[in-house]
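J.: structural data only, the sequence is not supplied:
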């Protein structure tokens, strides 16, 4: 799997992150290491998990030193095991030390998300239910976090408020009902968009179906209600289960046969996967 | 406690986050809700924890609608309990719906960090050991995450590579020893900075003391070695315990009497604290 | 109709446009007019057409003088006639003179697009065929130009490459066929997206239908082929006619009963609608 | 003719345009085409006209792929004929598909302006009257549009409000007369600037001459008045004819012998020149 | 005299300067002073000179606290005397302390430039020779420094490379002579621009005159040669004396009767004028 | 000595400075010199002093032409003598002419600061007193100016308000005394920071010592008081002499034995060191 995000979209974020960590200069490295010495260092994995973001990690070094070279031994989506050497980076020794933390901060978070996603998608194997992320991402990290979910085997829900229609409880209140809300959404929106409606009861499911929703979210329903909803909907719309979905409940959900289950924790509460850079050696 | 971070430093990040979530327009809200209707909505806490970031949350709404008004019932640092109403936001109804997720994404993450920090600092109560954060923060979130650690009762380590000297293993290798590294760091750096050295053995501690380190990090030492190091150092330097510190180990660490214990998990692996916005009502 | 585009999305563009026109200062106005004199000026329409962008026009003045006030007599979507007074702007006299051209450059272009769109949508009245824009917009003007199309009565196709799937000839070549391309697009994309395929022959239409395309573009087909395609497709997919559509050909197209007809000229070749600012009077 | 605009001035605009069209990723291309495949594609002209912006077109591809290579067969200022192959672009196949529309949007607009300019300058051949552009450009496109006018054989009026003095009707009102306005402008402005005054009557021409204007604009005058003005002015100032100049009227204007005629339509109402990219072939 | 520079042009620079001085937060002020306390402080002049930049100074506080209020007792261009109270600023006490240095850094530099300029223009009084600045300004400070020169009574030469034509020695070499260079410059440039040629000998002056230069720079000429040049040129062109002009030489230059004398030291080597903020008192 | 400032921190400033000097294009150079001609030009020193900023100078050319090559004959920190050739730059001839002033504006200012610093540090030789800079830098030039101070042999005080604690008179007033202020500063700040207190009398020195200040600034004290203070302080804190320090007074100060003496004039009032670019020759 290769990076599907463009340099012109991520470089401004990576440069901003470097500036966040280096507002004037790296006062330790510049004191200790002369400029112009080539060095190599190894990227070591310190926990078992799924790798995600190796190209982002590499890009951080390239932005500081366009002659930086990386030998990469594992790629995004690969299972990695604590202790494995993931890559060797060769660059100006100052750059290796100065860019390290920023590069790792991206890699550890992206790999943490991919690892959690893989864990949950594995639980869904054998079912027709697919795992979705949400918009509950870390601000200014969405492009990386949604990518990491895909690396982990999950699917992306809409990217943001501009590229998908989701009618939620507050919208329904404001519109005065599902029917009205769907009608307005259809009239206003580009024909390329599907329309999703959030429902909490079977009555709402009925109204959403009648209104012609393309996707019906079953929000915080108990298993029984959700099963009834899925049965009622059949092929007339896609179904998405939502609401504090945890690993514990996945088994039940997949039996119900909902098409998608979305999980905010993938991006907002995944633990990182730990990496470190070791064995710096000066080459010249 | 009031927000100690300036609008000119965070506004660019908040606007960028809004643009990340709304690249053209909110295609659902704009379809359904007329512009110019004033509305109110409640911010509800859905888990027990510590509130952090309420001013950031408010600022997101102000950036979209400078007439937005918030009644705030709890403040940063307050313990909050699931179900409590934290604030009421009054603004253009479109703004309430469109800014919701971005505002919550900041609040939930900051409060998650403060809650985890509070949990650990509570465990340290009665000891002289203080809890520190690290530079293992989410890219472009450091200003928020370090603030949240303080709200939770932790202390901040250096902000970034430019405002503190920390000599780590790779620096020591590159310099050819601790003595050399400390000497170079002292010569290069502004006299306002203290110098910290990372050590892994008692021999390294001895060398760091002899070199005149102001702070000695005891990295990945077992309890016995750490106790010996702390005793050896006495008042000659401040001590910091580091290396995959978990709640389980805090009890032992605080008995050893180290001055500081740093914990990357505060910022890189805290679960969010869950909030939602409920009960939107159109006022005009 | 009120502006559906957010200040945080357009302000950076408007400020950039002001800087483009005023790299240091307005050397004429600042020479001649004292700062601090309040003045009023009228916005006059000089051609018949449809107004679009009056809020953008106003925003330019507000960005230079937050005390600027506008009395607006016509709103976006209104038909306006040469000579009519559209608005009166009251602000610092320097601001009125300095911001004039930038504000007019937005207004004249947006109104030109709305006027052309209205002309074509009027021709489609009574049919089921709707008019669409394209991505052939002026760089860094899309948010304004797509909005103007809506004001003129047209509908928006996808906003950009990130929010809609459109499989074109070069994609089909690269994939080795429509079937393969649609399959990959479905597998890769968020379930919120419909998939559109560009076809040039009836064989391609067949293949697109079999592959499950949600929307089929009929590209550069003659009337007869297009009619056959529309008949073949029926309700199995939405249809879009594309390819150098001109006013002359609209009559034929609407008889064929295609769902949508897209027209790049709406945004890339509309003449402006002419306005000027007249009768500046110093008020204080 | 080679590009006279610097990368540091246009790159930020080009990158912004790419981000406008790709807010997260190209969801079609990334689904269908693997990363890392080299491909070539042809740029084909679809209308007769004058080429302008080929270096801008090329720069868009270079910004996405610094290994992109272009073979360019025609250059800015060349007459091109429908069907001709203008260039061949070789780059990563994803880049060819993703950057296509942004690159074309610049090229088609710049070439449209150059083509209209060439048409009008051709009509002025044999006279001493030269064609000028105005500040009626598309926001954030001025650097491209003014360049295109030069490519088409026109001349540029002032670039913006900061680099030329033009005293218009509202300035004259505010100053209380031409004499006063010119005096203030001369006193305030750098000695490197000429001073232009807009006049509508022969009396105003007299006053502008007496005040020492370097350039006199003859605004919306009928042919007879303009001829009288030109005769009266002689060599004492340069003359510029302005006011809804159309092709139809150029013949009359050039006989009058005015030095310059300015035409806003060059930049605000030129139709694009149509191009497309065809024959994508994967090379590796 | 009021500020002739627009907020949209200077705000980005002022915010950048604030971020340069406050990369995370003001760690002293935030420790010591509670947020939300209104306070007042006096701006005191500590040297005799000419005030310039008081509106820029004020703007810095407004950017941090839009409720900041200033009572201003002296204005740009006023002579001020050591010890005088220039203004009283009332704002949030944190803002007063945090913004102080950035605001003063602008004010002291601008006033230093105005003071030196006033000193030199005073020496030129009674002559027809006017004092000019150059492009030898501090990077990213030009808009402030050129304004300060005007406040001090000097005139501005061209603002930058885009708004004035100046043919220098290296241009003449590259063109193969003055005649050729002037011809090319005339052909290429907008008719709103005058053309200046740098000359070092009387022969070059002759050639520049013959080529029709509007302004002739007499570069590094001795008094005798300069006098001969000025006599030779008469009214056929404006004259500018240039080349390490110092106060000592001004007396001689003004007798020669050159129109302008330019002095890089105004902006590159003026000492600052010293100010401080005193007597902070908490008001609430 | 090699440049210790990173491209990602200075490139945005350098590009901004280029845009300040070239808002559309270099209208002289582009008129006269064809694009694509390689040329060389020499950088000549016109005054004796200390070189600083040669890498920044070079970077400006590289940002405009990534094929620019520099042969550099002297390096930062070298003494240079009027007339010496410092470097030869080979690049596109247009780039040499267009980037010249921006590159020189950085170099001349940085070298001026290094030269003044060297002059003062030379006077301090043989003493234990070291020279410090301040935050009285030119806005948006701090990274360059603080670096130049180091090149000249001075030391840097804190970089900005975020990386060092300095308790000044207004802070002391606000806190209600030194003791209170130091206590709050210690409680609030990261343990990596030393705490400096500004004192004006021996009583204040006593209070600062008792409060545990790490650094005591002796502000505007006469020699006798300062000597008493230094004696009183001994090794209990570092001492810094501040307040309109001039070359004349350095001799007395160094005898007193203060650790540091800070001097704002280094960065706010140093004259530039003059350079010019000569002997442009076209190579192809």
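T.: All right, it came through fine. Values in this document were obtained by computation on a predicted structure and should not be read as measured data. Numbering: from 1, shown residues only, chains lettered A, B, ... in the order given.

J.: tell me the contacts of residue A:254?
T.: Residues counted as contacts of residue A:254 (C-beta atoms under 8 Å, 6 or more residues apart in numbering or on different chains) are A:123-124, A:127, A:129, A:261. Placement of C-beta: from N, CA and C, glycine included.

J.: for residue A:279, helix, strand, or coil?
T.: For residue A:279, the assignment made with DSSP: H, G, I helix; E, B strand; the rest coil gives strand.

J.: list the residues that contact it.
T.: Counting by C-beta under 8 Å, 6+ apart, residue A:279 touches A:41-42.

J.: give me the element the residue in the stretch 51-200 of chain A that chain D sits nearest to is part of.
T.: Of all residues in the stretch 51-200 of chain A, the one sitting closest to chain D is residue A:159 (4.9 Å; C-beta to the nearest C-beta). Under DSSP states H and E, no helix or strand contains residue A:159.

J.: got the phi and psi for it?
T.: Dihedral angles phi and psi of residue A:159 (degrees, to the nearest 10) take the values phi -80, psi -40.

J.: so how far is residue C:34 from it?
T.: Distance of residue A:159 to residue C:34, given as C-beta to C-beta, to the nearest Å: 51 Å.

J.: check residue A:76 too.
T.: In terms of C-beta to C-beta, residue A:76 sits 63 Å off from residue C:34.

J.: for residue A:178, same thing?
T.: Taken as C-beta to C-beta, the span from residue A:178 to residue C:34 is 59 Å.

J.: and residue A:141, by the same measure?
T.: Residue A:141 is 50 Å from residue C:34, by C-beta to C-beta.

J.: show me which of these two is the more surrounded one.
T.: Neighbour totals were compared for residue A:141 and residue C:34, and residue A:141 leads with 24 against 12 (other C-beta atoms under 10 Å in any protein chain shown).

J.: which phi and psi values does residue A:238 adopt?
T.: Dihedral angles for residue A:238 - degrees, to the nearest 10 - are phi -80, psi 150.

J.: so which residues of chain A form strands?
T.: For chain A, the strands defined by DSSP state E occupy A:38-45, A:49-50, A:69-72, A:79-80, A:85-92, A:130-132, A:165-167, A:195-199, A:215-219, A:238-242, A:260-262, A:275-282.

J.: just checking, what packs against the third one?
T.: The reference is to strand A:69-72. Applying 3 or more C-beta pairs under 8 Å, 6 or more residues apart in numbering or on different chains; DSSP states H and E, one finds that strand A:69-72 contacts helix A:54-64, strand A:85-92.

J.: and chain A, what are its domains?
T.: Following automatic domain parsing, chain A resolves into domains at A:5-116+A:271-282, A:121-268.

J.: save the ones you listed as a markdown table, and put in mean pLDDT too.
T.: Compiled in a markdown table, the domains of chain A are given as follows (pLDDT from 0 to 100):
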| stretch | mean pLDDT |
| --- | --- |
| domain A:5-116+A:271-282 | 96 |
| domain A:121-268 | 95 |
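
J.: just send the ones you listed back as a markdown table, with distance to residue F:153 too.
T.: Converted to a markdown table, the domains of chain A look like this (distance: least, C-beta to C-beta, whole Å):
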| stretch | distance to residue F:153 |
| --- | --- |
| domain A:5-116+A:271-282 | 17 |
| domain A:121-268 | 41 |
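
J.: and these: which comes nearest residue E:165?
T.: Nearest to residue E:165, of all the domains of chain A, is domain A:5-116+A:271-282, at 35.6 Å by C-beta to C-beta.

J.: so how far is that closest one from its chain's centroid?
T.: 19 Å (C-alpha atoms, centre = their mean, to the nearest Å).

J.: just list the residues touching the residue in chain A that chain E sits nearest to, thanks.
T.: Using C-beta to the nearest C-beta, residue A:23 is the residue of chain A that sits closest to chain E, at 3.9 Å. Neighbouring residues of residue A:23 by C-beta under 8 Å, 6+ apart: B:160, B:162-163, E:23-24, F:9, F:159-160, F:162-163.

J.: cool, and residue A:12?
T.: Contacts of residue A:12 (C-beta under 8 Å, 6+ apart): none.

J.: thought residue A:278 was touching residue A:45?
T.: No. Checked against C-beta atoms under 8 Å, the pair residue A:278 and residue A:45 is beyond contact range at 10.8 Å.

J.: pick out whichever of these two has more residues nearby.
T.: Neighbours were counted for residue A:278 and for residue A:45 using other C-beta under 10 Å; residue A:45 has more, 22 against 13.

J.: quick revisit: what is the burial count for the residue of the stretch 51-200 of chain A closest to chain D?
T.: The local packing of residue A:159 (other C-beta under 10 Å) involves 26 other residues.

J.: my read: it touches residue A:137, true?
T.: No. With contacts counted by C-beta under 8 Å, residue A:159 stays clear of residue A:137, the gap being 10.0 Å.

J.: I'd say residue A:219 and residue A:197 touch.
T.: No. Using C-beta under 8 Å, residue A:219 is not in contact with residue A:197; the gap is 10.0 Å.

J.: what number of residues lie near residue A:255?
T.: By other C-beta under 10 Å, 12 other residues sit near residue A:255.

J.: ok, it - contacts?
T.: By C-beta under 8 Å, 6+ apart, the contact list for residue A:255 reads residue A:127.

J.: what's the answer for residue A:71, then?
T.: Neighbouring residues of residue A:71 by C-beta under 8 Å, 6+ apart: A:87-88, A:90.

J.: mind listing what's buried in stretch A:48-65?
T.: A:49-65 (16 or more other C-beta atoms under 10 Å in any protein chain shown).

J.: kindly apply the preceding question to stretch A:197-204 instead.
T.: Residues of stretch A:197-204 classed as buried under the neighbour-count rule (16+ other C-beta under 10 Å) are A:197-200, A:204.

J.: now distance to chain E too, for those residues, in a markdown table please.
T.: Converted to a markdown table, the buried residues of stretch A:197-204 look like this (distance: C-beta to the nearest C-beta, whole Å):
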| residue | distance to chain E |
| --- | --- |
| A:197 | 42 |
| A:198 | 39 |
| A:199 | 44 |
| A:200 | 42 |
| A:204 | 45 |
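
J.: show me which of those residues is closest to residue A:272.
T.: For the buried residues of stretch A:197-204, the residue nearest residue A:272 by C-beta to C-beta is residue A:198; the value is 31.1 Å.

J.: residue contacts, the residue lying closest to the residue of the stretch 51-200 of chain A closest to chain D once chain neighbours are set aside?
T.: Spatial nearest neighbour of residue A:159, chain neighbours left out: residue D:24 (4.9 Å); criterion: C-beta to C-beta, 6 or more residues apart in numbering or on different chains. The contact partners of residue D:24, by C-beta under 8 Å, 6+ apart, come to A:5, A:9, A:142-143, A:146, A:159-160, B:23, C:162.

J.: and chain A, which of its residues are near chain E?
T.: Contact residues, chain A versus chain E (C-beta under 8 Å from any C-beta of the partner chain): A:23-24.

J.: about what we covered before: the buried residues of stretch A:197-204: which two are farthest apart?
T.: Using C-beta to C-beta, the two most remote members of those are A:197 and A:200, lying 10.7 Å apart.

J.: so residue A:40 makes contact with residue A:89?
T.: Yes. At 6.8 Å, residue A:40 counts as touching residue A:89 under the criterion of C-beta under 8 Å.

J.: where do the contact lists of those two overlap?
T.: residue A:96.

J.: in terms of neighbours, single out the busier of those two.
T.: Just comparing residue A:40 and residue A:89: by other C-beta under 10 Å the higher neighbour count belongs to residue A:89, 26 against 17.

J.: can you name the residue of chain A nearest chain C?
T.: residue A:163 (3.5 Å).

J.: how about the closest residue to that residue other than its chain neighbours, what does it touch?
T.: Of all residues not flanking residue A:163 in the chain, residue C:163 sits nearest, at 3.5 Å (C-beta to C-beta, 6+ apart). Contacts for residue C:163 (C-beta under 8 Å, 6+ apart) come out as A:159, A:162-164, A:192-193, B:23, C:193, D:23, D:27.

J.: list just the nearest of the residues you listed to residue D:183.
T.: Looking across the contacts of residue C:163 and measuring by C-beta to C-beta, the closest to residue D:183 is residue B:23, at 50.9 Å.
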